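> Build me a model from this:
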Amino acid sequence: MNNNPTTTRAFLILAILCCYLSGMTQEKKKLLVFSKTAGFYHESIPVGKAAILKLGQENGFDVDTTTNAGKFTKENLNQYAAVVFLNTTGDVLNNEQQQAFEQFINNGRGFVGVHAATDTEYDWPWYGNLVGAYFSDHPKQQEATLRILNPNTIATKHLPAEWKRKDEWYNFKWMTKDPVNVLISIDESSYDAGKGKMGNNHPMAWYRDFDGGRSFYTELGHTDESYADPLYLQHLLGGIQYAMGLNKMQAP
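Sure, this is the predicted structure:
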């Protein structure tokens, strides 16, 4: 046996170098943030995109942003682990683009819907089930109390049991009949819910495995201030990490 110290050190250095190079060649997962609007345009979209770019830089994933629906092809989407619909509105994808996105989810990828993602693609039933609901109306922006129904997830474990914040609170005219895991609901007695009141069952954030992939939706995120709020950003990050397959939603 060769016990030469110089040879041993050389082997150790080589092993360390190989491990380092192996880590360098592993590509980081990528996220696509899509913010096309064919209806109402949310002024918070630019600060939302900047906030998600920063989340990627701080948490080890790459982020691309676009308003170009032409990016929804099988070949282009293949590079991403998940897609965020950031305050999209209206009819944003044509038939071919819809098919490419459906296949993307079927192949085990993820979706994150933020706020007006439920004000999107009303004539595409598959998308309705993916996002989980369709927007009806909203009252004026005001403070309300959110109730954390499941505090044991990466999107909620940092939140207070009753979370008071100001945002634009949606009522939904339709919700999927398929089971979803509701994370947050809103207490309608804590604010003026307007004409579309939903009563005691008024969810604000949920997730589930869907059609081979993963889906997360948060109603929060209308205001500019949302994207400077550490509590909201950690909530959004948890949903993104789940959708990308970086972490399981249920916290350890």
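> Helices of the stretch 51-200 of the chain, residue ranges please.
Using DSSP state H, counting those that start in this stretch, the helices found in the stretch 51-200 of the chain span residues 74-77, 95-106, 125-131.
> highest average neighbour count across these?
Highest mean neighbour count among the helices of the stretch 51-200 of the chain (mean count of other CB atoms under 10 Å): helix 125-131, with a mean of 19. For the C-beta atoms, the positions are set from N, CA and C on the backbone; glycine is no exception.
> counting contacts, what elements does that one pack onto?
In terms of contacts (3 or more CB pairs under 8 Å, 6 or more residues apart in numbering; DSSP states H and E), helix 125-131 is packed against helix 95-106, strand 110-114, strand 213-218.
> do that again at 10 Å, thanks
Using 3 or more CB pairs under 10 Å, 6 or more residues apart in numbering; DSSP states H and E, the elements in contact with helix 125-131 are strand 82-86, helix 95-106, strand 110-114, strand 203-210, strand 213-218.
> just to revisit the earlier point, is it possible to get JSON lines of the helices of the stretch 51-200 of the chain that adds distance to residue 149 and mean pLDDT?
Supplementary listing: those in JSON lines, determined by distance: least, CB to CB, whole Å; pLDDT from 0 to 100:
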{"stretch": "helix 74-77", "distance to residue 149": "32", "mean pLDDT": "98"}
{"stretch": "helix 95-106", "distance to residue 149": "25", "mean pLDDT": "98"}
{"stretch": "helix 125-131", "distance to residue 149": "19", "mean pLDDT": "98"}
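> Any chance of CSV for these, columns distance to residue 50?
Below are the helices of the stretch 51-200 of the chain laid out as CSV (distance: least, CB to CB, whole Å):
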stretch, distance to residue 50
helix 74-77, 23
helix 95-106, 24
helix 125-131, 23
